[in-house]
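Visitor: I'll drop the sequence and a predicted model, then ask my questions.
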Amino acid sequence: MFSVIKQKIMFDGKEAYIVYFKDVTFGVLYEQIKAQKSFQEIINATISHEMRNPLNSIISNCNLLENDKTLNEKQRKRLKTMRISCNLLTSFLHDLIDWTQIKLGKFNKKVEYFNIRSTFNDIIKMMKFKADLK
């Protein structure tokens, strides 16, 4: 991309013009990248807020239901599947937010240890429950 610049000068006592072209590609690209980063920050904030709130509400209700003594075994299994699904969604949400922060150069690494066997067992239980419904 080029910008045309015209400048009036006096040459040998006469009015003249100098016309030159300026390459503005870098400036345009820089502004596009800046706008994209700003858009990613807005998306990150929106995802963080709009998805976390309903998910936290579901998790809170699961916590309340876990203390309900009137639930039968089938209902408790469904509740456990809800809890596992919420945990997976929370993990996905955190991954998405981390990815956005990496793209923005704002990521802070945090090491977390987890029990992979327990994670796989939770996934298997959730899939089994879904298969049983079909």
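Guide: Yep, that arrived.

Visitor: correct me if wrong, but residue 6 is in a strand.
Guide: Yes. Counting by DSSP: H, G, I helix; E, B strand; the rest coil, residue 6 is found in a strand.

Visitor: so it touches residue 19, yeah?
Guide: Yes. In this structure, residue 6 is within contact of residue 19 by Cβ atoms under 8 Å, at 5.1 Å. From N, CA and C alone the C-beta is placed, and that goes for glycine too.

Visitor: by contact count, what packs against the top helix by length along the chain?
Guide: Longest helix in the chain, counting residues (DSSP state H): helix 25-66. For helix 25-66, the elements it packs on are helix 73-104, judged by 3 or more Cβ pairs under 8 Å, 6 or more residues apart in numbering; DSSP states H and E.

Visitor: tell me the first helix or strand C-terminal of the helix it packs on.
Guide: For helix 73-104, the following helix or strand on the C-terminal side (DSSP states H and E) is helix 116-133.

Visitor: which other residues reach that next one?
Guide: 77, 78, 80, 81, 84, 85, 87, 88 (Cβ atoms under 8 Å, 6 or more residues apart in numbering).

Visitor: out of the residues you listed, which end up buried?
Guide: In the contacts of helix 116-133, burial by neighbour count holds for 80, 81, 84, 85, 87, counting by 16 or more other Cβ atoms under 10 Å.

Visitor: show the contacting residues for the third one.
Guide: The contact partners of residue 84, by Cβ under 8 Å, 6+ apart, come to 122, 123, 125, 126.
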